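*Asks:* structure for the following, please:
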Amino acid sequence: MYLPLDTASSRMQTSAFGKSKGLWQTLTEGSWSEAFDGLGISLLLTSNPAIQYTVFDQLKQRLLKEKQSKMEKGSTPEALSAFSAFVLGAGEAE
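*Replies:* This is a model prediction of the structure:
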């Protein structure tokens, strides 16, 4: 029920009536489809960070495997270097 409250908040900020009237009007006078008006775009906007994190994690795992293959077989790399993490993060910001 977060999105109807978000819709009510937006309407309260852009209209002349009071806060309690704005919430009441949004939840009672409009339809549920109007209350969930921004759901589609919200889902679209949340998919972008999920994709970026997945790509970053997959590339990080590849770099760690390459680093491990270059090192001795008994040791495993713990993390990326600061520079490698920066380059991966900067490449995904494009």
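*Asks:* how near is L59 to W32?
*Replies:* According to CB to CB, to the nearest Å, L59 stands 41 Å off from W32. For the C-beta atoms, the positions are set from N, CA and C on the backbone; glycine is no exception.
*Asks:* the more surrounded of the two?
*Replies:* Applying other CB atoms under 10 Å to L59 and W32 shows that L59 carries more neighbours, namely 16 against 9.
*Asks:* what about S84, how many residues nearby?
*Replies:* S84 has 15 nearby residues by other CB under 10 Å.
*Asks:* residues contacting it?
*Replies:* Applying CB atoms under 8 Å, 6 or more residues apart in numbering, we find S84 in contact with L63.
*Asks:* CA atoms only: put the helix or strand hosting it into PDB for me.
*Replies:* Using DSSP states H and E, S84 maps to helix 82-92. C-alpha atoms of helix 82-92 as PDB (Å, rounded to 0.1, in the frame of the first residue of the first chain):
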ATOM      1  CA  ALA A  82      40.400  -0.500  -5.400                       C
ATOM      2  CA  PHE A  83      41.300   0.400  -8.900                       C
ATOM      3  CA  SER A  84      39.500  -2.700 -10.400                       C
ATOM      4  CA  ALA A  85      36.400  -2.000  -8.400                       C
ATOM      5  CA  PHE A  86      36.400   1.600  -9.500                       C
ATOM      6  CA  VAL A  87      36.800   0.700 -13.200                       C
ATOM      7  CA  LEU A  88      34.000  -1.800 -13.000                       C
ATOM      8  CA  GLY A  89      31.700   0.700 -11.200                       C
ATOM      9  CA  ALA A  90      32.600   3.500 -13.600                       C
ATOM     10  CA  GLY A  91      31.900   1.300 -16.700                       C
ATOM     11  CA  GLU A  92      28.400   0.500 -15.500                       C
END
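*Asks:* spatially nearest residue to S42, not counting backbone neighbours?
*Replies:* Using CB to CB, 6 or more residues apart in numbering and skipping the chain neighbours, the partner closest in space to S42 is L3 (6.9 Å).
*Asks:* report the separation between the one you found and G40.
*Replies:* Relative to G40, L3 is positioned 10 Å away (CB to CB).
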